[in-house]
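> I need the structure of the sequence given here:
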Amino acid sequence: MSAATSTRGWPGLLGNLAVLLALFAVAAGFLALQGDAAWVPTFRGSRGPAALACAAAYVGFVAWTLWRSRPGKVADTAASGDTAATLVVWASQTGFARQLAERTAQSLRDAGLPVRLLPLDRLDAAALASGTRALFVASTTGEGDPPDHALGFVRKVMGQPAALGSLRYAVLALGDREYDSFCAFGHQLDGWLRQHGAQPLFDLVEVDNADASALRHWQHHLGLLGGVADAPDWAPASYDRWTLAERRELNPGSQGGPAFHLALSPPDGVQPRWQAGDIAEIRVSESPEISREYSIASLPSDGSLQLLMRRMLRPDGTPGIGSGWLCDQVPLGGDVALRIRPNPNFHPPTAERPLVLVGNGTGIAGLRALLKSRIAVGARRNWLLFGERNRDRDFFFGDEIEAWRRDGFLERLDLAFSRDQAERIYVQHKLADAADALREWIEAGAAIYVCGSLAGMAPAVDAVLRETLGDDRVEAMLADGRYRRDVY
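Okay, the predicted model is just below:
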């Protein structure tokens, strides 16, 4: 059923409004015959003015209802049978999830995409099975429960098998970390979708008490889906002034385009703290309403916040707004507006747990920070699989990685440089070749962290994991946090 307001109730509402207006006019006529004094309400013994007021109030209510129901208010850009439309579905207890869903839908419409916006209780399995893309905004209430209006969907739809192999989806989960069941319903919904074959567009985004940085992360993904990277943020953010202390190109002559190592110093007197896996959110100077997200490649103990950034090019060959500004325009010693966004979904596991790290390109930035944090606590059961184009140009942080292997902090290292031989070899091929070792690590309790490109690498690695370990094992690892991804 379409989320656009149905017009079936319009004739009845218009009829009610016409009758009330007629009664209002008749009452006014009779009162006029009694002289001007009849229009002065005493609010004690006279019932006429009170009745008139009630009638007027009802007319106002009907008019308000009609205004709320007008077709243009939340009109979709797609009919209910349009399987190419993006479903934007909300489950809301207080109304906040609905507001965010409406903003989500509008962002996609602004990008020219057809959208259907509807509450979860008006979604059925057939619409999901026939759809190609769905975005869910789901709140949690009580002790991990779904919103009241979503209970029917949980019983009738989530309690039954579904064939969702053609669906790609994402979940924005709203919650409060003060509760043990933080974002429980969002995670329940995400698990059900995965279990029935749906493929995530990107990992679930958790929002703690309307945290603005998490909402900007969701909006960042919406921009990627709609091909609109320059949309203004939904909510203003507070940034600190950092200083660009170092910038150097790591791969001159690379077939993949230049990649730069950047180091930024915090404001004087500030000692920022972050964990491996956290994100640097940078506001682009020439467009103050636009921000970009980058994986942090260092730890606070390194003395600077370090990034690995590829200069991206637009279709016309000009540099991207964020990477062009940071790689070319900001002078050394110049100011950069930056805030650190916690990313608990990609924080490292305990030192006792073995860790398999898989990444390509500039995704090594996030993996480098994870390895640094593991080495700092003496964890040695680490396995890195990394891929790029050419070893002699694109082995980012290669000397450091090789030193970690020599010192015993990398138990295993598998490298895939796709252009160094006639046959294209990627990290997913290396992972498939090491299937027996992978099973052994997983049996020993290893976690798998993937960082890098959403297109190509991440789904290919996921396919190898499922082929090697089985869907049930992969789903179980997703559920208990042993399989995590930070892909873009």
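> Tell me where the model's unsure across the stretch 51-200 of the chain.
Scanning the stretch 51-200 of the chain for pLDDT under 70 picks out the ranges 51-83.
> Run through the helices of it in chain order.
96-110, 125-130, 151-156, 184-195 (DSSP state H, counting those that start in this stretch).
> Now tabulate these in a markdown table and tack on mean neighbour count and distance to residue 339.
Where C-beta positions appear, they are placed from N, C-alpha and C, glycine not excepted. Output for the helices of the stretch 51-200 of the chain, formatted as a markdown table (neighbours: other CB atoms under 10 Å; distance: least, CB to CB, whole Å):
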| stretch | mean neighbour count | distance to residue 339 |
| --- | --- | --- |
| helix 96-110 | 20 | 21 |
| helix 125-130 | 16 | 37 |
| helix 151-156 | 15 | 37 |
| helix 184-195 | 21 | 24 |
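> Distance to residue 173 for those - can I get that in a markdown table?
What follows is these, written out as a markdown table (distance: least, CB to CB, whole Å):
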| stretch | distance to residue 173 |
| --- | --- |
| helix 96-110 | 10 |
| helix 125-130 | 18 |
| helix 151-156 | 15 |
| helix 184-195 | 2 |
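> Which one, of these, ends up nearest to residue 285?
helix 96-110 (23.6 Å; CB to CB).
> how about that closest one as PDB, C-alpha atoms only?
In PDB, the C-alpha atoms belonging to helix 96-110 read as follows (Å, rounded to 0.1, in the frame of the first residue of the first chain):
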ATOM      1  CA  PHE A  96      11.000  10.900  16.100                       C
ATOM      2  CA  ALA A  97      11.600   7.900  13.900                       C
ATOM      3  CA  ARG A  98       8.800   9.100  11.600                       C
ATOM      4  CA  GLN A  99      10.400  12.500  11.300                       C
ATOM      5  CA  LEU A 100      13.800  11.000  10.400                       C
ATOM      6  CA  ALA A 101      12.100   8.700   7.800                       C
ATOM      7  CA  GLU A 102      10.400  11.700   6.300                       C
ATOM      8  CA  ARG A 103      13.700  13.600   6.000                       C
ATOM      9  CA  THR A 104      15.300  10.400   4.600                       C
ATOM     10  CA  ALA A 105      12.600  10.200   2.000                       C
ATOM     11  CA  GLN A 106      12.900  13.800   1.100                       C
ATOM     12  CA  SER A 107      16.700  13.500   0.700                       C
ATOM     13  CA  LEU A 108      16.200  10.700  -1.800                       C
ATOM     14  CA  ARG A 109      13.500  12.700  -3.700                       C
ATOM     15  CA  ASP A 110      15.800  15.700  -3.900                       C
END
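> How about the contacts made by the residue most central in space within the chain?
What sits nearest the mean C-alpha location of the chain, by CA atoms, centre = their mean, is residue 218, with 3.2 Å. Residues in contact with residue 218 (CB atoms under 8 Å, 6 or more residues apart in numbering) are 104, 172, 205, 207.
> between these, which is closest to residue 315?
Looking across the contacts of residue 218 and measuring by CB to CB, the closest to residue 315 is residue 104, at 25.9 Å.
> Could you check how far the closest one is from residue 290?
18 Å (CB to CB, to the nearest Å).
> contacting residues for residue 247?
260, 261, 262, 263, 327, 330, 332.
> Check for me that it belongs to a helix.
No - going by DSSP: H, G, I helix; E, B strand; the rest coil, the assignment for residue 247 is strand, not a helix.
> Who does it form a beta bridge with?
Beta bridges link residue 247 to residue 262 when assigned by DSSP bridges.
> what does residue 293 give?
residue 281.
> That one and residue 217 touch, don't they?
Yes - with contacts counted by CB atoms under 8 Å, residue 293 reaches residue 217, the gap being 6.8 Å.
> tell me the strands in the stretch 151-300 of the chain, going along the chain?
Assigned by DSSP state E, counting those that start in this stretch, the stretch 151-300 of the chain shows strands spanning 168-175, 199-200, 205-208, 240-249, 259-265, 279-283, 291-295.
> Excluding sequence neighbours, find me the nearest residue to residue 388.
residue 394 (3.7 Å; CB to CB, 6 or more residues apart in numbering).
> Check residue 248 too.
residue 261 is the one closest to residue 248 (CB to CB, 6+ apart), at 5.4 Å.
> Span of stretch 408-427 from start to end?
With CA to CA, to the nearest Å as the measure, stretch 408-427 spans 22 Å from end to end.
> just use 58 as the starting number from now, easier for me
Got it, the first residue is 58 from now on, which makes the last one we talked about stretch 465-484.
> who's in contact with it?
312, 415-417, 428, 431-432, 436-448, 451-452, 458, 461-462, 486-488, 491, 494, 513-514, 517-518.
> Which positions within that stretch qualify as buried?
By neighbour count on 16 or more other CB atoms under 10 Å, the buried set for stretch 465-484 is 466, 467, 471, 472, 473, 474, 475, 476, 482, 483, 484.
> Just the residues you listed: which are in strands?
Applying DSSP state E to the buried residues of stretch 465-484, the entries found in strands are 471, 472, 473, 474.
> Export those residues as JSON lines, with columns for distance to residue 169 and pLDDT.
Below are these laid out as JSON lines (distance: CB to CB, whole Å; pLDDT from 0 to 100):
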{"residue": "471", "distance to residue 169": "42", "pLDDT": "98"}
{"residue": "472", "distance to residue 169": "41", "pLDDT": "98"}
{"residue": "473", "distance to residue 169": "37", "pLDDT": "97"}
{"residue": "474", "distance to residue 169": "39", "pLDDT": "96"}
